[in-house]
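**Q** Just the structure for this:
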Amino acid sequence: MFLHQITEDDLMKLTDKIFIAGHRGMVGSAILRKLEQAGHTQLISRTSSELDLRNQQDVNDFFQKEKPDYVFLAAAKVGGILANDTFRAEFLYDNLMIQSHIIHSSYLHGVKKLMFLGSSCIYPKLAPQPLKEEYLLTGLLEHTNEPYAIAKIAGIKMCEAYRAQYGCNFISVMPTNLYGPNDNYDLQKSHVLPALIRKFHEGKKNNIPSVVLWGTGNPRREFLHVDDLAEACVFLMKTYDEAGFLNIGRGEDIPIKELALLIKKIVGYEGEITHDTQKPDGTPRKLMDVSKLTQAGWKASISLEEGIAQVYEGLKDKEWY
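**A** The predicted structure is shown next:
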């Protein structure tokens, strides 16, 4: 399956310098935690105020000074449907600049290996389910997040091109819907799972008799705990060495109404669930095909119920929104 046999020289050593771009986001912070737990001692990070990744000269100077051996490219401008559709130019420009500068500087300064993290929104809006890697660029994208998706597709193709032309060991992974520590619970910007946790938590705390679920609740979605994603990323950074990108997910999905019942139970909310069917359902199904990931030797280990319970246990007594 691999382009060349993985040797000891290819594996990340505990003393190798590793740059985690986007270390304060949900994904980057999970990768940072995973590497710290594994005993890595040379972890490099910069906040956006310390290093503007949209500035080519600043990024090049940073790589010149730090000379990282490995790069996890988890930095991105992200947001929900409204933000994606409203700030279309920013989502396209910022993400193209961030990833282009990091990928190019990684090439210029001899990074041993880079992992680019994308998103499942790269797939065509009407692609067959489950989503296989080969469905990329086979149809039109969802309009609302098209700029973000195009930037992510450009990142995949840039990694492939630098591998083909320069021999760079750059790989790409596409995570499914994620949840976990450092998620966004702003009801105007958050995704469905954190939004439901907040709604049920507030409902319980304030004795609200019912919680409103947008749409029919029939669409099916896949969810992966971000700690599982981080484990997969570190595993693939050490073992995977192919030009094509890989989906990362559980390979299982759940109807939104069942997700709501599960979160209701975990939170301990005793009121009713009502449906606002004036709100859109969105895509009927979004499930990743993870057969290539399984073949590469990795499977998710955190069940959805266990993962949500862990997340809520860490939140319920804190100010988190």
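**Q** how about the strands of the stretch 101-250 of the chain, start to end?
**A** Along the stretch 101-250 of the chain, the stretches classed as strands by DSSP state E, counting those that start in this stretch are 113-117, 170-175, 177-179, 210-214, 220-221, 223-225, 246-248.
**Q** Look at Glu8 and report its pLDDT.
**A** At Glu8 the predicted local confidence, pLDDT, stands at 54.
**Q** now the strands of the stretch 101-250 of the chain as CSV including mean neighbour count, distance to His101 and mean pLDDT?
**A** No exception for glycine: its C-beta is placed from N, CA and C like everyone else's. Putting the strands of the stretch 101-250 of the chain into CSV (neighbours: other C-beta atoms under 10 Å; distance: least, C-beta to C-beta, whole Å; pLDDT from 0 to 100) gives the following:
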stretch, mean neighbour count, distance to His101, mean pLDDT
strand 113-117, 24, 12, 98
strand 170-175, 23, 14, 98
strand 177-179, 20, 24, 96
strand 210-214, 17, 38, 94
strand 220-221, 18, 33, 94
strand 223-225, 23, 28, 98
strand 246-248, 23, 24, 98
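**Q** out of these, nearest to Lys316?
**A** Checking the strands of the stretch 101-250 of the chain against Lys316 by C-beta to C-beta gives strand 177-179 as the closest, at 15.3 Å.
**Q** hang on, the earlier thing: columns distance to Ser106 on top of the strands of the stretch 101-250 of the chain, output as TSV?
**A** Compiled in TSV, the strands of the stretch 101-250 of the chain are given as follows (distance: least, C-beta to C-beta, whole Å):
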stretch	distance to Ser106
strand 113-117	5
strand 170-175	7
strand 177-179	24
strand 210-214	41
strand 220-221	33
strand 223-225	26
strand 246-248	19
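**Q** Looking at the ones you listed, which is nearest to Leu126?
**A** Distance to Leu126, taken as C-beta to C-beta, is lowest for strand 220-221 among the strands of the stretch 101-250 of the chain, at 15.6 Å.
**Q** Tell me the strands beside that closest one, with direction?
**A** Each strand paired with strand 220-221, and its direction, by DSSP bridges: strand 254-255 (antiparallel), strand 285-286 (parallel).
**Q** any idea which of these is most buried?
**A** Each of those was assessed for mean neighbour count using mean count of other C-beta atoms under 10 Å. The highest is strand 285-286, with a mean of 18.
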